[in-house]
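Undergrad: Mind folding the following:
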Amino acid sequence: MNKAMLCDRCPWNQAWSQMMYSVLHQCHRVLKPGAPAIVFCDWRSLPGMLGVLGAVGFGIRSCVVWDKGRGSRPVQNGFRLQSELALFGRKGGPILPPGSPVYLDGVMKFSTLGAGKRHLTEKPLGLMRELLRIVPTGGVVLDAFQGAGTTGVAALGLGCRYIGIESVAAYHQAAVERLSAVATSAK
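TA: Okay, here's the model as predicted:
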């Protein structure tokens, strides 16, 4: 990996960039040509994430702003950390079209407040359902940072197949329980 693409020379940022490069490189390797990719980041990791996505071969198409609302972390004498970014890219090749054309907003407002949150950075189900509208009908959704499985719940609800990867056993177990409940209710 080219050291110039690291967000700075700090050892922690270098380790983060190396890890993200390794994971996203493997995702790029297994995706079909034309497949969409969405990666979340915040303003601090934006430069590094842009560099990593480009280095592994994703063409960056746009940046979606997720407005988390008032449930986000306040900053004394500063600005609330109320937005997160979702970088949208594609693996080279012909675009894999969803079932019908979709035109999504570049700013999406979904509150982080809600009962039953199982993970510190858990995304709202409505947000994930909206973002996954770009996936072709019957497509496969790969989530390399599954957490508690919200992306999987959204994917299954939209008729997609789902592959989730999670390194923390407790979050993996929460995801398995949620996904099993969705699969059981669909029968």
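Undergrad: so how many other residues sit close to Ala174?
TA: 19 (other C-beta atoms under 10 Å). (Glycine included, C-beta is placed from N, CA and C.)
Undergrad: mind listing what's buried in the helix or strand encompassing it?
TA: Assigned by DSSP states H and E, Ala174 belongs to helix 169-186. For helix 169-186, burial by neighbour count (16 or more other C-beta atoms under 10 Å) applies to 171-172, 174-176, 178-179, 182.
Undergrad: could I get these as a markdown table with pLDDT?
TA: Shown next, in a markdown table, are these (pLDDT from 0 to 100):
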| residue | pLDDT |
| --- | --- |
| Tyr171 | 95 |
| His172 | 95 |
| Ala174 | 94 |
| Ala175 | 95 |
| Val176 | 96 |
| Arg178 | 94 |
| Leu179 | 96 |
| Val182 | 92 |
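Undergrad: Straight-line length of stretch 40-47, end to end?
TA: Taking C-alpha to C-alpha, to the nearest Å, the first and last residues of stretch 40-47 lie 13 Å apart.
Undergrad: tell me the SS of the nearest residue to Trp16 once chain neighbours are set aside?
TA: Leaving aside its sequence neighbours, Trp16 sits nearest to Gly48 (C-beta to C-beta, 6 or more residues apart in numbering; 7.0 Å). Three-state call for Gly48 (DSSP: H, G, I helix; E, B strand; the rest coil): helix.
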